[in-house]
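Peer 1: Any chance you can model this:
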Amino acid sequence: MFLCNCHDFLDAKPYNTLAQPNKIEDLRALLDYEAEMSSWYPGLGEVASDDFQVDYKGLSSTLPVLQDTYLWRDKGMTDGEWMLANKVISISNVVLEGLERVKGGPLNVREQLEGEALFWRGWVFFNLAQIYCPPFTVLEPSSGLGLVLRTDSDSEIDQGRSTLAETYRQLLEDLHKSVELLPETSQFITRPSKLVALAALARVYLTIEDYAKSEEMVDRVMQITSELLDFNDLDPTAAIPISMSNNIELFNFAQSWTVSFLMLEASTHVDPRLYERYEDSDLRKHIFFEENVSGVKFKGSYHGQPTTAFFGLAQDEMYLIKAECLARRSAFKEGESYLNTLLNHRYKRGEFSPISFTDSDALLTRVLLERRKELIFRGLRWMDLRRLNRYPERAITLKRQFNDEPDVFSYLEPQDLRYTFLFPIEAIDAGGYEQNPR
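Peer 2: As a prediction, this is how the structure comes out:
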């Protein structure tokens, strides 16, 4: 329903006409509406990435928009995710405007509300940019179209697309301001905190290849917490080995429904070539997956919800970001220490020998492999493909069989324009925006 039945997309009222918050409690209620604030994450990139396979029969039974996404035949029909994410932006703008109008309330409460609203707006901009904008890097001059950067709640104001550089300038500004305003940690895992915002910035800076700033953000995260979950303490035979009650690495609750449509399909299985990369002593092989007669199914959602994909932030990602940043500045001995610390919490006790590297390139290669093995089905593979495809030695061509003929395949070449999804047709029609090239 999220993907295909958004019949009210064009005639939806601006959010600020639905209700005008008049109290601080109203603003808090808007940001605490978890059904909207924690479930908007776009999963199209995960569907289009290469960590799982769906057979022809199973794919044929799914929604047409998912078939098109899986086979890289985007037609601009993905309006559901677009609408959900932009509604969070609208809510954030309503709260920011409400704080200017509504007086009273403790200063720390007002600052926290402002920080949360800025976080959500910047974080949505970033996640949408990974789907609807071309890749951006600080290492080269930017070109290409950015998002429609709405920083007020009046959606009836005509506004065009920003440049790519303007999109990242805005989202970074929002996220950095949120760090200044938010408390160090949050009482609830669905509320942003300084910890969550710093982790988000670490991911953003890694994605745009600003490794010095990414490492700085990780260091600030680890000043707050550096705890890792020991997979030896989990039950690998359990249907749901990891849950919100036992996952001490979890920073925030975030989920995507889109990926679930395919993950729950009986004929969807983990790519066998990826599964083979897990050693028998690697506990992730048994905690993340289960084998059946037709293949390997994923069961290791980091938030313990079997019906949605976890798209949030967690400590394991920070260790991998730190190790990669160290490898990229040739501090490979320090980098191997962070990688070994993480892996020591992932292998059976007594069966893991610390890995030693002779140079930074060898460490980087292993870190990138561990990113794929550790962060599977968390919305990060698409981002990694986009940023790594700039480098011939890291670039790969994706290949999928798209019908029941054994020798007919669909391909996605490195830096293909299809790594940027089309703006939804309904959004183009409603806003008159320039469409992404094909």
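Peer 1: Check whether Lys399 sits in a helix, strand or coil.
Peer 2: strand (DSSP: H, G, I helix; E, B strand; the rest coil).
Peer 1: who's in contact with it?
Peer 2: Phe409, Ser410, Tyr411, Leu412 (CB atoms under 8 Å, 6 or more residues apart in numbering). (Glycine included, C-beta is placed from N, CA and C.)
Peer 1: ok, the third one - contacts?
Peer 2: Tyr411 makes contact with Thr397, Leu398, Lys399, Arg400 under the criterion CB under 8 Å, 6+ apart.
Peer 1: hmm, which of the contacts of Lys399 are the buried ones?
Peer 2: Leu412 (16 or more other CB atoms under 10 Å).
Peer 1: export the contacts of Lys399 to TSV and tack on pLDDT, distance to Leu182 and secondary structure?
Peer 2: Shown next, in TSV, are the contacts of Lys399 (pLDDT from 0 to 100; distance: CB to CB, whole Å; DSSP: H, G, I helix; E, B strand; the rest coil):
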residue	pLDDT	distance to Leu182	secondary structure
Phe409	86	47	strand
Ser410	90	44	strand
Tyr411	95	44	strand
Leu412	97	38	strand
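Peer 1: Tabulate the contacts of Lys399 in JSON lines, adding columns for distance to Glu334.
Peer 2: JSON lines is the format used below for the contacts of Lys399 (distance: CB to CB, whole Å):
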{"residue": "Phe409", "distance to Glu334": "42"}
{"residue": "Ser410", "distance to Glu334": "42"}
{"residue": "Tyr411", "distance to Glu334": "39"}
{"residue": "Leu412", "distance to Glu334": "36"}
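Peer 1: min pLDDT across the contacts of Tyr411, which one?
Peer 2: Lowest pLDDT among the contacts of Tyr411: Arg400, with 91.
Peer 1: Which parts of this structure belong to which domain?
Peer 2: 1-44+78-147+163-225, 228-376 (automatic domain parsing).
Peer 1: nearest to Ile157, of those domains?
Peer 2: Among the domains of the chain, the nearest to Ile157 by CB to CB is domain 1-44+78-147+163-225 (9.2 Å).
Peer 1: State the mean pLDDT of the closest one.
Peer 2: 90.
Peer 1: Would you confirm that Phe357 contacts Glu336?
Peer 2: Yes - at 5.2 Å, Phe357 counts as touching Glu336 under the criterion of CB atoms under 8 Å.
Peer 1: Distance-wise, check the nearest residue to Leu412 once chain neighbours are set aside relative to Leu175.
Peer 2: Spatially, and ignoring its direct neighbours in sequence, Leu412 is nearest to Leu398 (4.1 Å; CB to CB, 6 or more residues apart in numbering). Going from Leu398 to Leu175 by CB to CB, to the nearest Å gives 30 Å.
Peer 1: what's the longest helix in this structure?
Peer 2: Ranked by residue count, the top helix of the chain under DSSP state H comes out as helix 107-132.
Peer 1: Tell me what angle the helix or strand just after that one forms with helix 107-132.
Peer 2: As assigned by DSSP states H and E, the chain's next helix or strand after helix 107-132 is helix 164-181. Our comparison of helix 164-181 with helix 107-132, counting by axes from the mean of the first three to the mean of the last three CA atoms, to 10 degrees, yields an angle of 150 degrees.
Peer 1: so what secondary structure elements neighbour helix 164-181?
Peer 2: In terms of contacts (3 or more CB pairs under 8 Å, 6 or more residues apart in numbering; DSSP states H and E), helix 164-181 is packed against helix 107-132, helix 194-207.
Peer 1: Packing partners of the shortest one?
Peer 2: Here helix 194-207 touches helix 107-132, helix 164-181, helix 211-224, helix 315-328, going by 3+ CB pairs under 8 Å, 6+ apart.
Peer 1: which one of the contacts of Lys399 is nearest Ala331?
Peer 2: Leu412 (34.0 Å).
Peer 1: So which residues make contact with stretch 245-256?
Peer 2: 34, 38-39, 41-43, 46, 189-190, 192-193, 195-196, 199, 227-229, 233-234, 244, 302-305, 308-316, 379.
Peer 1: out of these, which are inside helices?
Peer 2: Glu34, Glu46, Leu195, Val196, Ala199, Gln315, Asp316.
Peer 1: Just the closest of those residues to Thr268, please.
Peer 2: Of all those, Glu46 has the smallest distance to Thr268: 11.9 Å, by CB to CB.
Peer 1: Now do the same contact list for the nearest residue to Tyr302 once chain neighbours are set aside.
Peer 2: Using CB to CB, 6+ apart and skipping the chain neighbours, the partner closest in space to Tyr302 is Phe310 (4.2 Å). Phe310 sits next to Ala254, Gln255, Ser301, Tyr302, His303, Phe377, Arg378 when contact means CB under 8 Å, 6+ apart.
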